[in-house]
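# The sequence and its predicted three-dimensional model are supplied below.
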There are 2 protein chains.
Amino acid sequence: MDQARNKPYHHGNLAAALVVAAARLIEESGAATLSLREVARLAGVSATAVYRHFTDKEALLAAVAARGFATLVERFEQATSGKPPRDALTAQGLAYIAFAQDHPHLHSLMFGPRVPGSEADAELSHWAERSFRLLADVTGACLGPATPPEKVMSTAVALWSLVHGYAVLRRDGQLADIPAELLPDPAQVMASLVPPL
Amino acid sequence: MDQARNKPYHHGNLAAALVVAAARLIEESGAATLSLREVARLAGVSATAVYRHFTDKEALLAAVAARGFATLVERFEQATSGKPPRDALTAQGLAYIAFAQDHPHLHSLMFGPRVPGSEADAELSHWAERSFRLLADVTGACLGPATPPEKVMSTAVALWSLVHGYAVLRRDGQLADIPAELLPDPAQVMASLVPPL
DNA sequence: GGCGAATGTGAACAGTGTCAACATTGGAAT
DNA sequence: ATTCCAATGTTGACACTGTTCACATTCGCC
C-alpha cells in the first residue's frame, strides 16, 4: 500500500493528486463552490502547497478541464470506432450528450466561459479543437469527399450547436418540466441536419 | 435632481435599486465575481441592508435573472409582432442569439444551473416557461394546426437546442477560432428543422 | 558530504457571505 | 398629536476564501 507508510517525504507527485482531488470535488459539487483549501486538505497537504504546482486556482481548474477533455475524446473514439460515417456521427452526438449528463459539473467547467489571456487556456484550446476536429471529420465523411470545406464546416458547427444546446439544456434542468415522451430523439434530429447522400 | 438632496430617510425602495445595481455589475463582470458588498456600496447603503429585501445572495441573483427574462420576452414580442409564422420563427431565433451576444453575463445567469429548492426559483421557472411557450406557439403555427402536439413539442425543443447551443457557443468564445464565413447561417439551419408546409 | 533547487508549511492580509444586536424611521391606532 | 410597532438600515463580528511572504524540509547533483 502507498499511504500506509508513515508520512512521506515530499509526496511523490502532488500535481496529479491535486488534479484528481479537485476533479472529485468538482464532480460532486461543481467548480463554483470549490475551495483550494479543501482540495489541499483532501490531498493531505497544506493549503499553500498548491501554489508550487499551479499559479492560480484557475490554473488548477484548467488542468481539471483538460483531463475532462481527454476522457471526452476517449469516449468519442470508442463510440465511433469501426462504424460507418452516419452511425459514427449519431453515436458521437449521443456520446456527447451522455457525457454532459454523467458529468454535469465537469462538462460545465470544460465548456464554460474562457479566460482569454490565461496561460492554461492554450492546452484547453488544444483539446477543444481536437474534439471539434473529430466531429468535423465525421461530418465530412457523411457529406462525401466532393463537399466544399465551408459546407462541411458550417454543417459541423450546426450539429455541434444542436447537440451542445440539447446537452446543456438537459444538464441544467431546463427541460425538466417537459415529459420525456415529448422530447425529441437527438439521433433523428441530427440526421435531419445532414442531407442524405 | 434626486441624489442632490441630503441623505434620505430610508431610501424609497431599495429592493429595486439593488436589482438595478446588481444587474449593472453583472453585465460588466459576470455573476461569479459579484460581491454583495459592492452592490450595496453602489446603491449607497451598507452591506447587510441587502438582507432586508433578499434572503440570500442567490435570491438577488434570481431577481436579476427574472428581470432579464422580462426583457427577453419583450424582445421576442417585438421581433415577431406582425410577421407570418415562419418569419416570426427565424426572427425569434435571431433575437435570442442577439440577446445572448449583447448580454452574455446576464444570459449566462438566466440559463445557468438551477437551484431546485430555492424559493426564487418559482418566479424564474415562470418566466422561462413563458419564453419557451412563445417559441412553442410560433413553432406550432409553422407546422400547421393538424400537427400532433408531441410533434410540435419535440420540434420546438430541437429548435431551442439548436439556437441555444449556437448562442452559448458563441457567447463563451468557443467558436472564436472559426472564421465568420465558415459559420452556418442560423436562419437557414432553423428552416431546415421545420419541414415545409 | 555538501549545496542549490524544488517542494511543503505557518502566519498573515484583504475580501467575502451571513448573522445578531442595535438604531432609526414611517405609518397606524389611539 | 402622541405613542408604539413593524419595517428598514447600521455596526461589529465570525468563519471562510484566495493569495503572498518568510521559513523549513528534502531531493538530486557536484
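Ah, there it is.

# Averaged over its residues, which helix or strand of chain A has the lowest pLDDT?
helix A:121-143 (a mean of 91; mean pLDDT, DSSP states H and E).

# residues near whichever residue of chain A sits closest to chain B, how many?
Chain B sits closest to residue A:165 of chain A, with a gap of 2.4 Å, by Cβ to the nearest Cβ. (Each C-beta comes from the backbone N, C-alpha and C, glycine too.) Using other Cβ atoms under 10 Å in any protein chain shown, residue A:165 is surrounded by 23 other residues.

# Identify the residue spatially nearest to it, adjacent ones excluded.
In this structure, residue A:165 finds its nearest non-sequential neighbour in residue B:165, 2.4 Å apart by Cβ to Cβ, 6 or more residues apart in numbering or on different chains.

# So for stretch A:183-194, mean pLDDT?
Averaging pLDDT along stretch A:183-194 gives 94.

# circling back to that earlier point, could you point out the helix or strand that follows the helix or strand hosting the residue of chain A closest to chain B?
Using DSSP states H and E, residue A:165 falls within helix A:149-171. Sequence order places helix A:186-193 as the next helix or strand after helix A:149-171, per DSSP H and E.

# Just the buried residues of that following helix, please?
A:186, A:189-191, A:193 (16 or more other Cβ atoms under 10 Å in any protein chain shown).

# With distance to residue A:57 added, can I get those in a markdown table?
Formatted as a markdown table, the buried residues of helix A:186-193 follow (distance: Cβ to Cβ, whole Å):
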| residue | distance to residue A:57 |
| --- | --- |
| A:186 | 35 |
| A:189 | 38 |
| A:190 | 37 |
| A:191 | 42 |
| A:193 | 39 |
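
# for the residues you listed, which one is nearest DNA strand D?
residue A:186 (36.0 Å; Cβ to the nearest atom of the strand).

# contacting residues around the closest one?
By Cβ atoms under 8 Å, 6 or more residues apart in numbering or on different chains, the residues touching residue A:186 are A:90, A:93-94, A:97, A:162-163, A:166.

# and with 10 Å instead?
By Cβ atoms under 10 Å, 6 or more residues apart in numbering or on different chains, the residues touching residue A:186 are A:90, A:93-94, A:96-97, A:162-163, A:166-167, A:170, B:158, B:161.

# Could you do residue A:166 as well?
Neighbour list for residue A:166: A:93, A:96-97, A:100, A:175, A:183-184, A:186, A:189-190, B:157-158, B:160-162, B:164-165 [criterion: Cβ under 10 Å, 6+ apart].

# One more: residue A:83?
Residue A:83 neighbours (Cβ under 10 Å, 6+ apart): A:89-92, A:138.

# Closest to residue B:27 out of the residues you listed?
residue A:92 (36.0 Å; Cβ to Cβ).

# so which strand or helix has that closest one?
Taking DSSP H and E as the definition, residue A:92 sits inside helix A:85-102.

# Buried residues, that helix. List them.
For helix A:85-102, burial by neighbour count (16+ other Cβ under 10 Å) applies to A:85-86, A:88-93, A:95-97, A:99-100.

# Find me the pLDDT at residue A:21, would you?
Note for residue A:21: predicted pLDDT of 97.

# mind checking how far the residue lying closest to it once chain neighbours are set aside is from residue A:64?
Once flanking residues are discounted, residue A:21 sits nearest to residue A:42: 4.2 Å by Cβ to Cβ, 6+ apart. Computed as Cβ to Cβ, to the nearest Å, the residue A:42 to residue A:64 distance reads 13 Å.

# Now for those two: what residues contact both?
Counting by Cβ under 10 Å, 6+ apart, the residues touching both residue A:42 and residue A:64 are A:18, A:20-22, A:24-25.

# Of these, which is the most crowded?
residue A:22 (28 neighbours).

# ok so, going back, please go through the contacts of residue A:186 and note which also touch DNA strand D.
Residues of the contacts of residue A:186 in contact with DNA strand D (Cβ under 7 Å from any atom of the strand): none.

# For the residues you listed, work out which two are farthest apart.
A:90 and A:170 (16.8 Å).

# Measure how buried residue A:11 is and give me the count.
14.

# Confirm for me that it is in contact with residue A:46.
No - Residue A:11 is beyond contact range of residue A:46, at 11.2 Å (criterion: Cβ atoms under 10 Å).

# which bits of chain A sit near DNA strand C?
Contact residues, chain A versus DNA strand C (Cβ under 7 Å from any atom of the strand): A:10-11, A:14, A:45-49, A:52-53.

# Out of those residues, flag the one nearest to residue B:150.
residue A:53 (52.4 Å).

# can you pull the contacts of that closest one?
A:13-19, A:59-60, A:63.

# mind checking pLDDT for it?
In this prediction residue A:53 is given a pLDDT of 96.

# do the same with residue A:71
pLDDT, read off for residue A:71, is 96.

# roughly how far apart are it and residue B:194?
As judged by Cβ to Cβ, residue A:71 and residue B:194 stand 36 Å apart.
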